[in-house]
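Participant: coords below, sequence missing:
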């Protein structure tokens, strides 16, 4: 399921119509005549043990394995024996890129569910852009996590209401409706490129780049996020907050 409607979480409200209702977990009972093949990836042994206990207890799940890295799973699971879903920790100790992890897992599954305690907008944005089935916080109840896994395995979106509420109400993620080209210009300019260099890299004229920067400043000002005179360092800070650039603790 492509989550384009939430890929720009910093500039759009999340549609929670497909979110999990924890009071109606039973509505998401198995809808398959076979066991749902599930695997989990997390770098913390205690979390992995908890997932193993939780998922193996479900009568409609076949827990194929629990792993600490994506390569470990890929080495153990054959590409001809596909999984219904992989539960993937957003931030792994090997500093791997979340989006690349999701893409690598396409060798063995069509469905990836992100499980995370790290609310990094940058990492979440990268993962969501790849079309993950949902993002579930580790603070959710076991019942909600199991329901999310089942939904994802069945090809349904698994966006929890708690997660949607956090993103939708975060003042740092107020609506700033940047176009794809404006986001590209912001990412390049805020990361240190000159106006002339941005023009060369994007195929735009320097004047057009300046026009885009002016529109970006105006949109942030209109959203109450910054003054119209936004300088490069302030743009860098906002680009990090909105997940367009990595933060100091994020893999680049």
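Facilitator: Sure, I can see it. All figures in this text were calculated on a predicted structure; none of them were measured in a lab. Residues are numbered from 1 along each chain as shown.
Participant: how about the helices in this structure?
Facilitator: 4-7, 45-56, 70-76, 98-104, 121-129, 142-153, 161-169, 180-190, 195-202, 206-222, 232-241 (DSSP state H).
Participant: Can you give the domain ranges for the protein?
Facilitator: 4-172, 175-241 (automatic domain parsing).
Participant: could you redo these as CSV and give each row mean pLDDT?
Facilitator: Formatted as CSV, these follow (pLDDT from 0 to 100):
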stretch, mean pLDDT
domain 4-172, 77
domain 175-241, 85
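Participant: rewinding a little: same list (the helices of the chain) but as a markdown table, adding distance to residue 38 and mean neighbour count.
Facilitator: The way it works is simple: take the backbone N, C-alpha and C, and place the C-beta from them, glycine included. Shown next, in a markdown table, are the helices of the chain (distance: least, CB to CB, whole Å; neighbours: other CB atoms under 10 Å):
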| stretch | distance to residue 38 | mean neighbour count |
| --- | --- | --- |
| helix 4-7 | 23 | 16 |
| helix 45-56 | 6 | 15 |
| helix 70-76 | 12 | 16 |
| helix 98-104 | 16 | 19 |
| helix 121-129 | 19 | 22 |
| helix 142-153 | 6 | 23 |
| helix 161-169 | 20 | 17 |
| helix 180-190 | 35 | 18 |
| helix 195-202 | 42 | 16 |
| helix 206-222 | 42 | 17 |
| helix 232-241 | 34 | 17 |
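Participant: For residue 35, which of those helices is the nearest?
Facilitator: Each of these has some distance to residue 35 by CB to CB; the shortest is helix 142-153, at 10.0 Å.
Participant: how far off helix 45-56 does that closest one point, in degrees?
Facilitator: 70 degrees (axes from the mean of the first three to the mean of the last three CA atoms, to 10 degrees).
Participant: any idea how far helix 142-153 is from the chain center?
Facilitator: Chain-centre distance of helix 142-153: 17 Å, with CA atoms, centre = their mean, to the nearest Å.
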